[in-house]
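Trainee: What shape does this take:
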Amino acid sequence: MPMSLSPRILLSPPDVGLDERAALLEAFDSNWISTAGPAIGAFEDAMAAFVGRPCVAVSSGTAGLHLALRLAGVSAGDLVLCQTFTFVASANPILYEKAVPCFVDSEPRTWNLDPNALEDALRSFARTGIRPKALIAVHLYGMPAEIAAIRELCQRYGVALVEDAAESLGSAAADEQTGRFGMAGVYSFNGNKIITTAGGGMIAVESETQAARLRKWSTQSRDAGVHYQHSELGFNYRVSNLLAALGVAQLARLPEKVARRREIFERYRRNLRCLPGIHFQPEAPGNRSNRWLTALHLDPGIWGNVRDALIAHLAVRGIESRPLWKPMHRQPLFRDAQHFGTPFSETLFANGLCLPSGSALSIAQQQEICDEIAMFLQRASGRTVGLPGCGLMTALDTERTRQTANTLQPAAHPPDETEEYLACLSLQEPSGGGS
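Mentor: Residues are numbered from 1 along each chain as shown. Got it, this is the predicted structure:
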């Protein structure tokens, strides 16, 4: 099959339709184009009704996290704890305020921040008389963290809890929407998220007073009055009316999108169940994930270190997939940061990946993805894995496996695909992150 320089099947593309087009055109025709207009208030109100808290629309999830840290009183030299297994946008705002990041590792029950490691960190700092100013806890890939335990620890030690819910709109922990457990919850509407405004974010807070303060900060902190007067630092973080209009239309379709992504996850789980050593991100009892991305880990004891080679194989066939996040404490940017917990996140990063999960993914496309994964893993292992009843192996797959079973070393890219894979990646924009 020829190399696909532009993937046919993307990881998480926007899912927009006629309602979104009509909403955009209505906003356009009203001539409310910029960071003022009725759609902004409508979007905030709709989100507030869904989340159950006052909401403030901003230009990105990253901007929302930055303002949330300022709301928590974070300033230069303050210690801020953060989940290590996440996208860099969770941690960058700590540096914006010249604060000091400290990273906490994950647990195996949700792949999110480990409450036990968090307690170790809080106890360790308490012994030296240091109280972290804030904690950024992430609901990774849409999976709710053990947020009740995390909240209890934050309350006990007097630490402001900020939820990075960028990926988890529509997810619930104990029947409560993620993003409403802490002082602030932040959502992202980047182009790859479960709903999109092309670029944008939302901050959910505890009071209207906090919301008013955030709105002021997001519009350059202009004081009341006819002339332009500024008494405190502000930012150009407000979302535009056009994008807010898109958000209103997208939010109305959220239940449908969550249902579709959960169906997609279940189909992956069902179709790949006959392959040993594939571990999907678990959902804790009582929680409900939006399954924004289907994330899995390949057991290296069974398959070897084949994650990168599998990504290469899928890319050459026009299927986009991505590695799980590289932990923040292993990033050059944060090389000097302290870290608490086991190296579980490093294990996930080394052999984990995300599969295409867009809400418009067709059954035929998903079957193709499953076929390619099964064929590749059998080829990589040099053995045939029984797949009765899974409907994964076609005659073509069987022939490919027979012909190439001895050509692939588990830790390497397939020799005929490595250069094509690198070319594919060089022409693709990252689509797993953004907030």
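
Trainee: my read: Glu119 touches Leu153, true?
Mentor: Yes. Using C-beta atoms under 8 Å, Glu119 makes contact with Leu153 at a distance of 5.7 Å. C-beta: built from backbone N, CA, C; applies to glycine.

Trainee: Show me the shaky parts of the stretch 251-400 of the chain.
Mentor: Along the stretch 251-400 of the chain, segments meeting pLDDT under 70 span 383-400.

Trainee: run the last query once more with 50
Mentor: Applying pLDDT under 50 to the stretch 251-400 of the chain flags the ranges 387-400.

Trainee: Do a quick rundown of the strands in it.
Mentor: Under the criterion DSSP state E, counting those that start in this stretch, strands of the stretch 251-400 of the chain are mapped to 278-280, 287-288, 294-298, 322-323, 338-340, 352-355.

Trainee: In a helix, Asp120, correct?
Mentor: Yes. Checked against DSSP: H, G, I helix; E, B strand; the rest coil, Asp120 lies within a helix.

Trainee: Nearest spatial neighbour of it, chain-adjacent residues omitted?
Mentor: Counting by C-beta to C-beta, 6 or more residues apart in numbering, Phe340 is the residue found nearest to Asp120 once chain neighbours are left out, at 5.5 Å.

Trainee: Kindly state the beta-bridge partners for that neighbour.
Mentor: Here Phe340 sits in beta bridges with Val104, going by DSSP bridges.

Trainee: burial of it, as a residue count?
Mentor: 22 (other C-beta atoms under 10 Å).

Trainee: and what of Arg222?
Mentor: Residues lying near Arg222 (other C-beta under 10 Å) number 13.

Trainee: How about the contacts made by the residue nearest to Asp120?
Mentor: With contacts taken as C-beta atoms under 8 Å, 6 or more residues apart in numbering, Phe340 has the following neighbours: 102-105, 117-118, 120-121, 124.

Trainee: could these go into a markdown table alongside pLDDT?
Mentor: Formatted as a markdown table, the entries for the contacts of Phe340 read as follows, by pLDDT from 0 to 100:
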| residue | pLDDT |
| --- | --- |
| Cys102 | 98 |
| Phe103 | 98 |
| Val104 | 98 |
| Asp105 | 98 |
| Ala117 | 98 |
| Leu118 | 98 |
| Asp120 | 98 |
| Ala121 | 98 |
| Ser124 | 98 |
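
Trainee: Weed out the non-buried ones from these.
Mentor: Restricting the contacts of Phe340 to buried positions leaves 102-105, 117-118, 121, with burial counted as 16 or more other C-beta atoms under 10 Å.

Trainee: Return the member of those nearest to Lys133.
Mentor: Distances from these to Lys133 were compared by C-beta to C-beta; the smallest belongs to Cys102, at 10.9 Å.

Trainee: what's the burial count for the closest residue to the closest one other than its chain neighbours?
Mentor: Setting aside the residues directly before and after it, Cys102 is nearest to Gln338 in space (C-beta to C-beta, 6+ apart), at 4.5 Å. Around Gln338 there are 16 other residues, counting by other C-beta under 10 Å.

Trainee: And for Glu263?
Mentor: Glu263 sits with 15 neighbouring residues when counted by other C-beta under 10 Å.

Trainee: from here on, count from 816
Mentor: All set: I'll call the first residue 816, so the last point we hit is now Glu1078.

Trainee: Report the contact partners of Val1041.
Mentor: Contacts for Val1041 were tallied using C-beta under 8 Å, 6+ apart; there are none.

Trainee: does it count as helix, strand or coil?
Mentor: Classification of Val1041 by three-state DSSP places it in coil.

Trainee: The helix or strand hosting Arg938: how far from the chain's middle?
Mentor: In the assignment (DSSP states H and E), Arg938 maps to helix 930-942. The chain centre lies 26 Å from the centre of helix 930-942; the measure is C-alpha atoms, centre = their mean, to the nearest Å.

Trainee: same for that helix, what does it pack against?
Mentor: Using 3 or more C-beta pairs under 8 Å, 6 or more residues apart in numbering; DSSP states H and E as the contact definition, the elements that helix 930-942 packs against are strand 894-898, strand 915-919, helix 962-972, strand 1153-1155.

Trainee: Tell me which of the ones you listed approaches Phe1050 most closely.
Mentor: Put simply, out of the helices and strands packed on helix 930-942 the one that sits nearest Phe1050 is strand 894-898, at 18.4 Å, with distance taken as C-beta to C-beta.

Trainee: same question for the next helix-or-strand element following the closest one, mean pLDDT?
Mentor: Per DSSP H and E, strand 894-898 leads on to helix 907-911 as the next helix or strand towards the C-terminus. When pLDDT is averaged over helix 907-911, the result is 98.

Trainee: Touching stretch 1025-1039 from outside, list them.
Mentor: 850, 869-871, 873-874, 878, 882, 885-886, 999, 1018, 1020, 1043-1053.

Trainee: quick one on the thing from earlier: just the buried ones among the contacts of Phe1155 now: which is nearest Leu1148?
Mentor: Distances from Leu1148 to those, taken as C-beta to C-beta, are shortest for Phe918 (11.6 Å).

Trainee: pretty sure the closest one is in contact with Pro1158, am I right?
Mentor: No. Using C-beta under 8 Å as the test, Phe918 is too far from Pro1158 to be in contact (11.7 Å).

Trainee: Show me the common contact partners of those two, please.
Mentor: Among the neighbours of Phe918, none is also in contact with Pro1158 (C-beta under 8 Å, 6+ apart).

Trainee: Please enumerate the helices of the stretch 966-1115 of the chain.
Mentor: Counting by DSSP state H, counting those that start in this stretch, residue ranges of the helices within the stretch 966-1115 of the chain are 1023-1033, 1056-1066, 1069-1086, 1115-1118.

Trainee: could I get the ones you listed as CSV with distance to Phe1004?
Mentor: Formatted as CSV, the entries for these read as follows, by distance: least, C-beta to C-beta, whole Å:
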stretch, distance to Phe1004
helix 1023-1033, 15
helix 1056-1066, 6
helix 1069-1086, 11
helix 1115-1118, 36
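
Trainee: Tell me which of these sits most buried.
Mentor: Neighbour counts averaged per stretch over these are highest for helix 1056-1066, at a mean of 25; criterion: mean count of other C-beta atoms under 10 Å.

Trainee: For that helix, name the packing helices and strands.
Mentor: Taking 3+ C-beta pairs under 8 Å, 6+ apart as contact, the helices and strands that helix 1056-1066 lies on are helix 833-845, helix 853-866.

Trainee: any idea of the angle the first one forms with helix 1056-1066?
Mentor: In this case it means helix 833-845. Using axes from the mean of the first three to the mean of the last three C-alpha atoms, to 10 degrees, the inter-axis angle of helix 833-845 relative to helix 1056-1066 is 160 degrees.

Trainee: Any buried residues in helix 833-845, and which?
Mentor: Buried positions in helix 833-845, judged by neighbour count with 16+ other C-beta under 10 Å: 835, 838-839, 842.

Trainee: next one: the longest one
Mentor: Buried residues in helix 853-866, defined by neighbour count with 16+ other C-beta under 10 Å: 854-855, 857-859, 861-863, 865-866.
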